[in-house]
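How does the following fold in three dimensions:
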Amino acid sequence: MIESSRESGRKLISGIADYARHFGPWHFDWQPQGVRGLTVPMDGQPYDGILVRDLADVRQFVDAGIPTVAFTYGKQRIADTVMVNADDRGIGEAVALHFLQRGFRNFAFCGQANMAASAKRAECYVSTLKASGFDVNQFWTNYRSTGTKKDQREAEAAIEWLRSLPKPVALMTANDDLGQRIVQLCQSGGLRVPDDCAVVGVDNDPVVCGVCDPPLSSIALDQYQAGYRAAAALDRMLRGEAPEAWEITAEVGEVVVRESSDIFAIDDPAVSKALRFIQANAHRPISVDDIAQASGLFRRGLERRFKEHLSQSIQQRCREVQASHLAKLIGESNLSLEAIAEQCGFSEASHLTCFFASVRGETPSAYRKRCSSG
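Residues are numbered from 1 along each chain as shown. Sure thing, here's the model as predicted:
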């Protein structure tokens, strides 16, 4: 009982199916459906095990003695059930850091009032930004896209809130659906995305992000691996063994930058020029002197302004941007590490490996393996 209407559900199902193919065979009773179709009762069915979103009545399966894995939207733990969730705290932190790296000083969060995961994502987003000295404006909605008068009132309140925010503002939404909605409401309220309001969602659903205008930036989650591990946990339960862990977490991936947040909110023209130069040259080695020349400032003056606006050195910024570019090549292409090293100005693949590991905390091979599993 997992939805196929969203990328997160499809990746979970894909991970489960691959585990069953590797260690089965398993026979599945599954129907393509959206989230709202997950509450169908399953009384009287001869199931050996169940993998289910916790929007359904999970307790009935557990009480019937059926081994159960629940994919949670943030509800409370259910006894004797493996719970699969997302790293909501890591999500909030990653989006906050994405906005900070782009020089924003005004921040907002839009959450789904009836979605428990929203609160966790908001909490860490807010705490990360507060640690850097910034406050966050928050708006909570019950919007359901049903076209009712209540939804219209929710939309009007959201537009009023968006207009009231100091500009430019960096806005995180609890998921991609809300992100798409916020972008639409910005346009209805006469606000430009990303110039007035930069928006980042969660789940990196290519369909939702793609139909958004402009396309929505979003943070990816490793739902495939979570699904695979969930199937492994159910397999142990089916054999009468305890699972290795009663909680499984989908790890946080990259913020996939699209047009909705692809902007630098810096009111210093020299720093903005430097940032654009660094981004445009992420594929090759550049020196701090090269960057200073592109900005029109002397090196010492640019260093001082970087510290003032971004709380990091020029070299730190270069390393982060270059590592992000390498991550895209490693995760999205079939190029060998030797070929990537040559393209990006490393004399040897081993030098690329050392650099990437020092910035990202994992080797390129480990990163590529993690990406390919999704």
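
Report the mean confidence score over the longest helix seen in the chain.
Secondary structure assigned by DSSP state H gives helix 314-332 as the longest helix of the chain. In this model, helix 314-332 carries a mean pLDDT of 88.

Show me what that helix is packed up against.
strand 252-256, helix 269-280, helix 288-295, helix 299-310, helix 337-343, helix 349-360, helix 364-372 (3 or more C-beta pairs under 8 Å, 6 or more residues apart in numbering; DSSP states H and E). Any C-beta I mention is one placed from the backbone N, CA and C, and that applies to glycine too.

So for Glu244, which of those sits nearest?
helix 364-372 (18.8 Å; C-beta to C-beta).

where does the stretch 251-374 of the chain have low pLDDT?
Where the stretch 251-374 of the chain drops to pLDDT under 70, the residues are 372-374.

at 80 instead, please
For the stretch 251-374 of the chain, applying pLDDT under 80 flags the ranges 264-267, 310-311, 332, 370-374.

Likewise for the stretch 101-250 of the chain?
Using pLDDT under 80, the stretch 101-250 of the chain drops low at 114, 116, 143-148.

So which residues of it form helices?
Ranges of helices in the stretch 101-250 of the chain, per DSSP state H, counting those that start in this stretch, are 116-131, 149-164, 176-188, 206-211, 223-238.

With distance to Glu308 and mean neighbour count as extra columns, can I get the ones you listed in JSON lines?
What follows is the helices of the stretch 101-250 of the chain, written out as JSON lines (distance: least, C-beta to C-beta, whole Å; neighbours: other C-beta atoms under 10 Å):
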{"stretch": "helix 116-131", "distance to Glu308": "18", "mean neighbour count": "19"}
{"stretch": "helix 149-164", "distance to Glu308": "28", "mean neighbour count": "15"}
{"stretch": "helix 176-188", "distance to Glu308": "29", "mean neighbour count": "22"}
{"stretch": "helix 206-211", "distance to Glu308": "33", "mean neighbour count": "15"}
{"stretch": "helix 223-238", "distance to Glu308": "40", "mean neighbour count": "22"}
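
just so I know, which of those helices lies nearest Ser336?
helix 223-238 (23.6 Å).

Tabulate the CA atom coordinates of the closest one in PDB.
C-alpha atoms of helix 223-238 as PDB (Å, rounded to 0.1, in the frame of the first residue of the first chain):
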ATOM      1  CA  GLN A 223      14.000   6.700  -1.200                       C
ATOM      2  CA  TYR A 224      15.200   3.700  -3.300                       C
ATOM      3  CA  GLN A 225      17.700   2.600  -0.600                       C
ATOM      4  CA  ALA A 226      15.100   3.100   2.100                       C
ATOM      5  CA  GLY A 227      12.700   0.800   0.200                       C
ATOM      6  CA  TYR A 228      15.400  -1.800  -0.300                       C
ATOM      7  CA  ARG A 229      16.300  -1.800   3.400                       C
ATOM      8  CA  ALA A 230      12.600  -1.900   4.300                       C
ATOM      9  CA  ALA A 231      12.100  -5.000   2.200                       C
ATOM     10  CA  ALA A 232      15.200  -6.600   3.900                       C
ATOM     11  CA  ALA A 233      13.700  -5.800   7.300                       C
ATOM     12  CA  LEU A 234      10.300  -7.400   6.300                       C
ATOM     13  CA  ASP A 235      12.200 -10.500   5.000                       C
ATOM     14  CA  ARG A 236      13.800 -11.000   8.400                       C
ATOM     15  CA  MET A 237      10.400 -10.600  10.100                       C
ATOM     16  CA  LEU A 238       8.800 -13.100   7.700                       C
END
